[in-house]
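Student: what follows is a protein structure lacking sequence information:
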């Protein structure tokens with residue numbers, strides 16, 4: 001999960017889901033993935049803790065405000081998004097139904113440790129620090145992504161192509177830091193520096209890109225993909241097809257005392273990768289750049 005740099009972006013995108021956005025971020029909601037072919041795997045279900053298996057539900061703690069990972073449908077009640085589809089599929093593979101609880105991001109780990117929820121899934125980065133408290137089943141790789149005007153008129157295909165160009169970033173963000181570092185690399189290579197436009201407005205950054213005042217925006221992978229897909233009904237922007245820059249894993253959080261649950265989820269996720277369901281989900285939400293091929297626990 002990003003620090004405060006995403007607050008403005010999430011507010012804008014949250015409004016987008018409700019149909020109340022500035023003209024530059026008008027959205028059309030992507031369809032959810034078809035999960036009708038996902039069937040229970042009895043061997044994996046047998047790994048579940050008895051209390052979860054008997055309940056028939058997987059209680060999922062999330063912070064539902066982060067398109068396209070997780071957000072509310074137009075009814076303001078129904079969770080949707082790539083993470084919602086994936087945890088539904090994992091639950092179905094284990095013979096369960098996913099039941100979401102929306103809560104503050106800061107309370108997710110505590111809720112997991114106290115047993116209020118069985119798992120967490122909220123674009124939470126699997127970090128060494130967090131692994132001291134909980135375990136993670138890693139399901140996606142996120143990082144910095146380059147978003148450009150539709151058709152990529154300035155030909156930005158690599159990070160080196162940013163040399164001599166203007167880019168928009170959010171104030172105090174990891175993207176701002178990366179932009180500064182890349183500018184120094186450009187100068188060291190004898191190329192023009194990167195000109196940074198640093199703001200606290202995601203909408204303002206998008207307007208700069210639309211009008212050509214900057215050549216690109218640096219943003220978080222899923223957010224950038226969602227904006228590119230939905231802003232102006234997909235006619236304003238596109239994402240440069242690169243692997244996430246400075247990427248790191250998103251993980252499903254599981255209490256350390258529930259090691260069997262971690263193994264069951266890992267097995268279900270790997271099964272979904274192997275049978276093509278995982279690919280279907282990341283394709284539906286246009287986030288294949290961050291897709292994984294092997295399910296792991298704490299990166300192992």
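Tutor: It's in. All values derive from a computational prediction rather than experimental measurement.
Student: contacts and neighbour counts: CA atoms only from here.
Tutor: OK.
Student: could you report the pLDDT at residue 128?
Tutor: Among the per-residue scores, residue 128 holds a pLDDT of 92.
Student: then residue 172?
Tutor: 82.
Student: what about it, neighbour count?
Tutor: 14 (other CA atoms under 10 Å).
Student: same check on the one 3 residues further on?
Tutor: Residues within reach of residue 175, counting by other CA under 10 Å, total 25.
Student: what's the answer for residue 36, then?
Tutor: Neighbour tally, residue 36, other CA under 10 Å: 8.
Student: equivalent analysis for residue 38, please.
Tutor: 19.
Student: do a quick rundown of the strands in this protein.
Tutor: Using DSSP state E, the strands found in the chain span residues 57-62, 71-72, 79-80, 97-102, 119-120, 134-149, 166-170, 195-199, 216-220, 237-239, 245-255, 296-297.
Student: got the contact list for the last one?
Tutor: When you say that, I think you mean strand 296-297. With contacts defined as CA atoms under 8 Å, 6 or more residues apart in numbering, strand 296-297 is touched by 135, 136, 137, 138, 139, 262, 266.
Student: repeat that for 6 Å
Tutor: 136, 137, 138 (CA atoms under 6 Å, 6 or more residues apart in numbering).
Student: so where do the helices sit in the stretch 1-150 of the chain?
Tutor: Applying DSSP state H, counting those that start in this stretch to the stretch 1-150 of the chain gives helices spanning 5-17, 42-45, 50-55, 82-93, 108-113, 128-131.
Student: quick check: which of those helices is buried the most?
Tutor: helix 82-93 (a mean of 25; mean count of other CA atoms under 10 Å).
Student: what lies in contact with that helix?
Tutor: The set of residues external to helix 82-93 that reach it, using CA under 6 Å, 6+ apart, is 39, 40, 41, 69, 70, 97, 98, 268.
Student: residue 168 and residue 195 touch, don't they?
Tutor: No: with contact defined as CA atoms under 6 Å, residue 168 does not reach residue 195; the gap is 8.6 Å.
Student: okay, those two: which has more neighbours?
Tutor: residue 168 (28 against 18).
Student: so what sits opposite that one in the bridge?
Tutor: Applying DSSP bridges to residue 168 gives these bridge partners: residue 197, residue 217.
Student: what's it in contact with, if anything?
Tutor: Counting by CA under 6 Å, 6+ apart, residue 168 makes contact with 196, 197, 198, 205, 217.
Student: give the contact list for the last one.
Tutor: Residues near residue 217 by CA under 6 Å, 6+ apart: 146, 147, 167, 168.
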